[in-house]
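J.: what follows is a protein structure lacking sequence information:
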């Protein structure tokens, strides 16, 4: 990534700032918002379950502090410094060997702030659902907020999958060439790259999809198939007429 393209790095905090007015205005109702698409961001995370071996501590600490500072360079230096101090403490907690002294951490933090405008950062993560940090939790829900977030995200993901599958099936139906072979659920399944059971479920669940499918099913087919269908139809009409004459 060039320095020119590194002028602004999207982070979760920058997205919160962009949507701040909406998040605050809906702090009593909205726990998270759907950004509409996966947005590439820089996200750092230090798990207390990880351990940094002594021979990697210096490199990992310096590299991550530099990236954190660069990703948040739009903030004032005081806020960045506090952010780096918090991150450095987490790094110290998982580092073996006591390789970096207090003075060493202070030096690395100051250096990261100094280099924040030229440090390259890759946005290796993405976010679609943004938590509302201003949401007013009840005492009962606040304790279970992690589970509530997890449940809501799973619901959002399922809704996204449902909408995506609906659009795929509808597009395959609308674009279907009636001069092709007669459409079937199996054929639609192959074209849409979805299971036959999924096709059946969506046709049963959404009458508008099933209506389109039925119109195409009746009118689709090769010329030979259409002629055969017309022949069978006329044959049936003739047979019915003969039966009526015999009855007369």
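T.: Received the coordinates, thanks. These numbers were taken from a predicted model, which means no experiment stands behind them. Numbers count the residues shown, from 1 in each chain.
J.: going forward, measure contacts between C-alpha atoms and count neighbours the same way
T.: Will do.
J.: what comes up buried for stretch 52-59?
T.: Neighbour-count burial for stretch 52-59 flags 52, 57-58 (criterion: 16 or more other CA atoms under 10 Å).
J.: residue 214: which of those residues is nearest?
T.: Nearest to residue 214 out of the buried residues of stretch 52-59 is residue 52 (CA to CA; 61.6 Å).
J.: surely the closest one meets residue 96?
T.: Yes. Shown here, residue 52 and residue 96 form a contact pair, counting by CA atoms under 8 Å, at 6.1 Å.
J.: before we move on, back to that, would JSON lines of the buried residues of stretch 52-59 with distance to residue 116 be doable?
T.: Putting the buried residues of stretch 52-59 into JSON lines (distance: CA to CA, whole Å) gives the following:
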{"residue": "52", "distance to residue 116": "24"}
{"residue": "57", "distance to residue 116": "21"}
{"residue": "58", "distance to residue 116": "18"}
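J.: now, which of the residues you listed sits nearest residue 148?
T.: Of all the buried residues of stretch 52-59, residue 52 has the smallest distance to residue 148: 32.2 Å, by CA to CA.
J.: got the residue ranges for the helices in the chain?
T.: Ranges of helices within the chain are 12-18, 20-25, 57-71, 77-94, 102-114, 139-143, 145-174, 185-192, 196-205, 207-219, 223-247, based on DSSP state H.
J.: nearest to residue 36, of the ones you listed?
T.: Here helix 145-174 is closest among the helices of the chain (CA to CA), at 9.8 Å.
J.: just the buried positions in that closest one, please.
T.: Residues 153, 156, 165-166, 169-170, 173 are the ones in helix 145-174 that count as buried (16+ other CA under 10 Å).
J.: repeat for stretch 178-197
T.: Buried residues in stretch 178-197, counted by 16+ other CA under 10 Å: 178, 181-183, 185, 188-189, 192, 196.
J.: surely residue 77 meets residue 113?
T.: Yes. Using CA under 8 Å, residue 77 makes contact with residue 113 at a distance of 7.0 Å.
J.: neighbour count for the two, which is higher?
T.: Comparing residue 77 with residue 113 by other CA atoms under 10 Å, the one with more neighbours is residue 113, at 23 against 16.
J.: give the contact list for the more buried one.
T.: Residue 113 makes contact with 66, 69-70, 77, 80-81 under the criterion CA atoms under 8 Å, 6 or more residues apart in numbering.
J.: make it 10 Å
T.: Contacts of residue 113 were listed using CA atoms under 10 Å, 6 or more residues apart in numbering, and they are 65-70, 72-73, 77-78, 80-81, 84, 119.
J.: rewinding a little: dump the helices of the chain to CSV, plus distance to residue 128 and mean pLDDT.
T.: Rendered in CSV, the data for the helices of the chain read as follows (distance: least, CA to CA, whole Å; pLDDT from 0 to 100):
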stretch, distance to residue 128, mean pLDDT
helix 12-18, 10, 92
helix 20-25, 15, 95
helix 57-71, 19, 95
helix 77-94, 24, 94
helix 102-114, 29, 96
helix 139-143, 23, 90
helix 145-174, 10, 90
helix 185-192, 25, 92
helix 196-205, 25, 93
helix 207-219, 28, 90
helix 223-247, 47, 54
